[in-house]
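>>> here is the input, now give the coordinates:
(3 chains)
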Amino acid sequence: MSLLKFTIKRTIHGIVVAWAALTIIFALRFISPVDIASALIPPDVPPTARESLIEDLGLDQPWYVQYLRYIGGVVQGDLGYSYVSRISVNQLAINRLPATLELAVAATLVSVVLSIPLGVISATNRHQVPDYLASFFALLGISTPNFWLGIMLVLLVSVMLGWFPTSGREFGFYEAMRLLILDGNRYGIIQWLYHITLPAITLGTYYVALLTRLTRSEMLDQLSEEYVRVLRAKGLPETLVTFKHVLRNSLIPVVTVLGLQFGSFINGAVVVEVVFRWPGMGEFLIRAIRTVDWPVIQGTLIIIAITWVTINFGVDILYTIIDPRVTLEGESE
Amino acid sequence: MTHNDASTTSVQRSAGTDNEPDFGPNTLLKVRNLSTRFFTDEGQVNAVESLDFEVKEGEVFGIVGESGSGKSVTGLSILDLIESPGRITDGEIWFRNRSLADEFNEQQSQAVRDEFVNLLELPESVHRSLRGNSFSMIFQDPMSSFDPTSTVGEQIAEAVEVQQRTSSNPRSARSRTQGYGFKSMVLGSILPSKSFVTEPSMERAIELLELVGIPDPKKRAQEYPHQFSGGMLQRAMIAQALAGEPDLLIADEPTTALDVTIQAQILSLLSDIQEERGMSVILITHNLGVVARVADRLGVMYAGEIAERGTLKEIFENHTHPYTAGLLGSIPEIDEAERLRPIPGNVPSLLDHEMGDRCYFADRCPKAMEECMEKPPEYEINDDHRVRCYLANREFDEDRSIRDHFDGEGGEPS
Amino acid sequence: MISTRTIRNLKNELSRSFLAKLGLILVGGAIFVAVLAPLLAPHDPTQQMLQVRNQPPVFLGGTWEYPLGTDALGRDMLSRVIYGARTSLLVGVVASGFGALVGIGIGIISGYYRGWIDDVAMRSVDVSLAIPGLVLALTIFSIIGPIAINIPDPIVALGFAQEMPDSFTFPGTVAFVIGVIAVRQFARLARGEALSVREEEYVKSSEAAGASNIRVMFIHVLPNTMTPLLVFWTLRLAHAILTESTLSFLGFSGTTLSWGYDISAGRDYLGTAWWIASVPGVAILFAVIGVNLLGDWLRDALDPGLQEGYE
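Now for the predicted structure:
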C-alpha cells in the first residue's frame, strides 16, 4: 500500500472516530439530568432575559437541530462559541494548544531520556543493586499520584528552595524563540525553561517509571533470544550487541506503548496543568467542565480525538521504519 | 555384532587427567575433564561432566547424543557462551594458537604448553577475542539466529568488520568498538544504521554469501532475515561463521530445523567448505545419519559424559556401549533378536542430587549388570576407540543382570 | 477454578518474595484501617475545631492529641487519613469490580460470538479509547452530577464508637465513572483472551458435544481467561484508587473525606502547614504500592509468562 493510500485511509478513520466520539458526547448531554440553562444562567436573571439568552445559545431548538448545526459548523472548521465567555472555541483552542504541546514534548523528552538508560542499566545488571534501585524508583513512579508529586515538587523546590516558580507560564516557546532569534534576547527562553521544568518533570515521571519497566522487561526478553548468542559467537563486542541489536529490538514495543499511552498523557496533562496553573488545554477543559460549557468541552474532545488518531498514524509510520517486518499493509487493519 | 571379546581387545584404564596433557602432532583442540554446571532453583544441573575429547586439524568431529545430553553446552563452553546460571566449573580447553602461546608464555606459563593455550586459564576477554576468528559457531534454528531488524548483509558484514578490527589489533577491546560512539549508540538503537560496518566489509559479506551459494547475493544482502527461507538463512549463517576464517567451526544441529532435501544441501556445503579450507569442524547432532556422511571421528554423549568415542569406522562397526548400539537403532535383545526399536526409557535427569554414582545409562541399559551400579572408568579399546562401559573388558552375564531392578521405573533404583 | 496448585504457587511466591509480603501487609493494613475506621480514628474526622487550626504533627513539635496535625479548619489529619482509606478502597474495589464485571462480560461475548456483536462492541471501545480516561470520567461526571450515597456505619450504629459520624458517604458518581472507563480495557483484554481460548481443543470438543453457547462460555471460556484478568484487575484497582484521588483533587467528588480532597485543600497552605497536603499523599502512595506489589505477586505466581509493565 502506498503511503498516500494509507494516509487517506487513516484520515477517514480519524474523521469517523472524531465524529463518533462527538456524537456520543452529544447524546450523553441530552440524557443528562443536569439542565444546562439553569446551570449557566443565574437564578436572579429575569425570565425575559433568560428566554432570550436561551434562544441566543440555541438551547431552545430540538436536539437534532442543535446536533446538525453543530456538525455543520465542525465540518467547516467552526467549533462554535463558548457559552460562558462567548469567545469562539477555535480562538480559545489556538491560544491554549501550544502550551499543552510544549508540555507534552518536554515531558516526553524527560521520560525517554531518563527511562531508556535506566531500563538498559537495569536489564544488563539484572538482580544487582542498580537493577533493584531502578525497579524501586519505577514502582514509586507508577504508584505516586501525579498531582501530589507536583505539589511536593512545588513544596520542596519552589517553596523551600525557591529554585523554580510555583506556577504559570510567562513565555510561549514561540515568543521566546522569536525574542532570541530576532533580538538576541535570552530572557524569554530562560523564563520558558524556568517555568516548564517542574511541570515537565511531574508529567514525565509516570512515563519514566512505565518505560523503565517496559525497557527492562523487553531487554531481558531480547537478551534471551537466540540471535544474541549468535552475535556473541561471531565476536561482536558487548556494546554493539546491547545497543545496536538488543536495544533496537526492545524499543519497538516501547514506541508502541508511547503511542498507546497518549490517552494517559492527556490525563496527566490535565492534572499537571491544574497543579501548575499551566494555561493549556487541560486546565481549559477542567474549567469548561466545571461551568458546563458544552461547546468548549466538545471542541476540546474533538481536538484530543484527532490528535490521538494522528499520533497513532505517526506511530504506525515509525513502526515501518524501525521494524522491517512490519509493512503498511499489515498495520492498516 | 557389538559384542567385544575382552580377551582380544587390549584394555587399559585411560590416563588420569591430573597429569600433563599430551598433544598429537595434528591436534587442534583438546578438551580435558571439562565440567559445566547450571545452578538453578531446582538444584545443580551437571550438563557436562568430566568431558575428554580431542579434535584434530582438518577433521570433522561428530558429537552425537539425544537432546539434553550436553552436546550443545559442550560447544557453548568452548566459545565461553555459557550464561548465568551456568558456569564452567572445572577442566581445561587446550587450543593450538602459536601467537597466543608466545604472548602468554611469560606472564601465565601454566596456561601455555608448546603451541597450546588453555582457554580457561586465559583472561575472559582474551578467550572471547577468539570468537569468530579462531572458532565460530552455527546454530540449529537459522530463523531465530539473526537479528530480525538488521539486514542479513549487515549482520555478516559485522562479523567481517569485527574480524578485521581484531586482526589489526588482536587484544584491544576498544579497537573493536572504535568509531561506534555515543551518537551511533543512540541512533543505532532507533534507526537502521551502518555506522559500524564499512563498505569493504559489506563487499566481503556479499562475496561470502556468493561462496555459500546464495543467488543474487548483492540483492539478498539488502534483505532482512524474514525475507529468506530457512535453508538460505542457514547458508547465510555459515557465511557469517566463515567471515573470520576460523580454525574451528562448531556446528550445533545445523540441519535439524530444515527440510530433508535442504539438509543434504547444507551438509554437502559444510563438508565442501571444510575440505576446501582444511578447517576443523565439530558437528553436534542427534542424527547418526548426518554424522555418518561427514564425520571422521565421533563421540557419543550421554548424560553429560562421552560414553564412547573413536573413529567413525570403530564406532559404527565395533561399538561396545549399549547406548551407542541403541542410537544405531538395533538393540540385540536376547529374545527379540535383530528387531529395530527405540531406546526405552527417558533421557536422564541431570540434576546433581538425582544422579546416582553409577553408570548413568544403567536404568535404560539392556545389559546392565551389578557392577554398573558403580561408575565405569573410560577404557581404551585401541588407539582409535575409547568407551565408558564395563562391557569393554567383560561379557554380559545374565546372572548378574539388574534389568528387573529398574523395570517399571525410569529413575533411581528402589 | 482455584486449584490447590494455584494456592501452592501463591504460597511459594509469597515465601520467596519480600515484595509480595510487603504488598500483602500494605493492602491488609489499608483494609484493616478502612473497616475499623471509627474505632481507630482518635477524633471525628469532620469535626472542625477552629482554635486548633494548622497544628503541626507530633514529629514537628505538635501534640499527641493530633499526631498528624490538623488542617486549616482544625480537623484531625490522622482521623481524616484513616477515614480516607475507606473512600479510596471502597471506590477502588467497587469501580474496578464494576469495570471488570461489565467489561469481561462484553469482551467474552464479543470474543466468543464474533461477527457483528464483536464489530459493534469493539468499534465502540476503539472510539471511546480516543477520549482519555480521566477526560471521559470528568465529562460523564459533569453530565450525571455528584451523587453521594449515605451508608450507615454499622460500628457506630452498634454503639462501639461514640462521637463518630454515624454514616459514611459513598461517592457513587465517582465510582461509576471510574468503572465506566475501566470497562473499555477489560472488554479488550477479555475479548483477546476469549478469542484464544475459543480455539482450544476442549472448547471445540464441548461445542461439538452439543453444549450450549452460554454454558461453554461460562464453564470453559471464562475460567480460562481468569489469570490474566485477575492480574489486570489489580492494576485497575491501583489505577482506580489513583483516579479517585485525582477526581477529588480536581473537585469532582461526592465526599470531602477523601485523600485527594485533603491534598487539594492543603495546597494553599504549603508555605505554612505543608503536612496537610503531604500526609494524605503518603497514604495514597502506600495503598497504591501495596496493590501494585500484590499484582506483581499474583502475576509471578500465577502466570510467569505474563508481561511486566503497567497500563
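
>>> gap between the two ends of stretch B:59-69?
Taking C-alpha to C-alpha, to the nearest Å, the first and last residues of stretch B:59-69 lie 23 Å apart.

>>> quick check: mean pLDDT of that stretch?
For stretch B:59-69, mean pLDDT is 87.

>>> and what of stretch C:163-170?
Stretch C:163-170 shows a mean pLDDT of 80.

>>> residues in contact with that stretch?
Under the contact criterion C-beta atoms under 8 Å, 6 or more residues apart in numbering or on different chains, stretch C:163-170 has outside partners C:38, C:41, C:44-46, C:83, C:86-87, C:90-91, C:94, C:148-153, C:155-157, C:254-255, C:257. The C-beta positions use only the backbone N, C-alpha and C, and glycine is treated the same way.

>>> mind doing that once more with 6 Å?
C:38, C:44, C:46, C:148, C:149, C:150, C:151, C:152, C:153, C:156, C:255 (C-beta atoms under 6 Å, 6 or more residues apart in numbering or on different chains).

>>> let me have the residues you listed in JSON lines, extended by neighbour count.
Putting these into JSON lines (neighbours: other C-beta atoms under 10 Å in any protein chain shown) gives the following:
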{"residue": "C:38", "neighbour count": "25"}
{"residue": "C:44", "neighbour count": "18"}
{"residue": "C:46", "neighbour count": "16"}
{"residue": "C:148", "neighbour count": "13"}
{"residue": "C:149", "neighbour count": "14"}
{"residue": "C:150", "neighbour count": "12"}
{"residue": "C:151", "neighbour count": "11"}
{"residue": "C:152", "neighbour count": "9"}
{"residue": "C:153", "neighbour count": "18"}
{"residue": "C:156", "neighbour count": "19"}
{"residue": "C:255", "neighbour count": "22"}
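
>>> so who does the closest residue to chain B within the stretch 1-150 of chain C touch?
Of all residues in the stretch 1-150 of chain C, residue C:16 sits closest to chain B, at 9.1 Å by C-beta to the nearest C-beta. Under the criterion of C-beta under 6 Å, 6+ apart, residue C:16 has no contact partners.

>>> now residue B:201
Taking C-beta under 6 Å, 6+ apart as the contact definition, residue B:201 lies against B:157, B:160, B:161.

>>> quick check: residues of the stretch 51-200 of chain A near chain C?
Residues of the stretch 51-200 of chain A that fall close to chain C, judged by C-beta under 6 Å from any C-beta of the partner chain: A:142, A:143, A:144, A:145, A:147, A:148, A:151, A:155, A:159.

>>> so who does the second one touch?
So that's residue A:143. The contact partners of residue A:143, by C-beta under 6 Å, 6+ apart, come to C:285, C:288, C:289, C:292.

>>> which one of these sits in the busiest neighbourhood?
Ranked by neighbour count under the definition other C-beta atoms under 10 Å in any protein chain shown, the contacts of residue A:143 are headed by residue C:288 with 27 neighbours.

>>> for the strand or helix carrying it, list every residue counted as buried.
With the criterion set as DSSP states H and E, the secondary-structure element containing residue C:288 is helix C:275-302. Across helix C:275-302, burial judged by 16 or more other C-beta atoms under 10 Å in any protein chain shown covers C:275-281, C:283-302.

>>> over to stretch C:55-65?
Residues of stretch C:55-65 classed as buried by neighbour count (16+ other C-beta under 10 Å): C:55, C:56, C:57, C:62.

>>> for these, which one is nearest residue B:167?
Using C-beta to C-beta, residue C:57 comes nearest to residue B:167 of the buried residues of stretch C:55-65, at 69.6 Å.

>>> report the secondary structure state of residue C:169.
Secondary structure state of residue C:169, per DSSP: H, G, I helix; E, B strand; the rest coil, is strand.

>>> name whatever forms a beta bridge with it.
residue C:150 (DSSP bridges).

>>> distance check, it against residue C:113.
Here the distance between residue C:169 and residue C:113 works out to 41 Å (C-beta to C-beta, to the nearest Å).

>>> among those two, which residue is more densely surrounded?
Neighbours were tallied for residue C:169 and for residue C:113 using other C-beta under 10 Å; the higher tally belongs to residue C:169 (20 against 15).

>>> roughly how far apart are that one and chain A?
Shown here: residue C:169 relative to chain A, a distance of 20 Å by C-beta to the nearest C-beta, to the nearest Å.

>>> residue C:200 now?
Taking C-beta to the nearest C-beta as the criterion, residue C:200 is separated from chain A by 25 Å.

>>> and for that residue, nearest residue in space, chain neighbours not counted?
Leaving aside its sequence neighbours, residue C:200 sits nearest to residue C:224 (C-beta to C-beta, 6 or more residues apart in numbering or on different chains; 7.5 Å).

>>> pLDDT wise, what is the one you found at?
Reading off the per-residue confidence, residue C:224 sits at a pLDDT of 74.

>>> which among the contacts of residue B:201 gets closest to residue C:105?
Using C-beta to C-beta, the shortest approach to residue C:105 within these belongs to residue B:157, at 54.8 Å.

>>> the helix or strand containing that closest one packs against which elements?
Per DSSP H and E: residue B:157 is located in helix B:152-168. Counting contacts by 3 or more C-beta pairs under 6 Å, 6 or more residues apart in numbering or on different chains; DSSP states H and E, helix B:152-168 is packed against helix B:199-211, helix B:230-242.

>>> save those helices as CSV, and put in distance to residue A:11 too.
Putting the helices and strands packed on helix B:152-168 into CSV (distance: least, C-beta to C-beta, whole Å) gives the following:
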stretch, distance to residue A:11
helix B:199-211, 40
helix B:230-242, 39
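
>>> tell me the most buried of the ones you listed?
Comparing those on average neighbours per residue, with mean count of other C-beta atoms under 10 Å in any protein chain shown, the densest one is helix B:230-242 at a mean of 25.

>>> and the angle for that helix with helix B:199-211?
In this structure, helix B:230-242 runs at an angle of 130 degrees to helix B:199-211, with axes from the mean of the first three to the mean of the last three C-alpha atoms, to 10 degrees as the basis.

>>> list the contacts of helix B:230-242.
Applying C-beta under 6 Å, 6+ apart, the set of residues contacting helix B:230-242 from outside is A:234, B:136, B:138, B:142-143, B:145, B:152, B:156, B:159, B:208-209, B:212, B:214, B:249, B:258, B:262, B:266.

>>> what parts of the stretch 1-150 of chain C come near chain B?
Taking C-beta under 6 Å from any C-beta, no part of the stretch 1-150 of chain C reaches chain B.

>>> which regions of the stretch 1-150 of chain C sit below the pLDDT cut-off?
Applying pLDDT under 70 to the stretch 1-150 of chain C flags residues C:1-2.

>>> tell me how far stretch A:81-96 lies from the chain's centre.
Centroid separation for stretch A:81-96 versus its chain: 20 Å, with C-alpha atoms, centre = their mean, to the nearest Å.

>>> state the distance from the residue nearest the centre of chain B to chain C.
For chain B, the residue lying nearest the average C-alpha position, counting by C-alpha atoms, centre = their mean, turns out to be residue B:75 (3.7 Å). With distances defined as C-beta to the nearest C-beta, the gap from residue B:75 to chain C amounts to 28 Å.

>>> any idea which helix or strand comes after the helix or strand harbouring that residue?
When secondary structure is defined by DSSP H and E, residue B:75 falls within helix B:71-78. On the C-terminal side of helix B:71-78, the closest following helix or strand by DSSP H and E is strand B:86-96.
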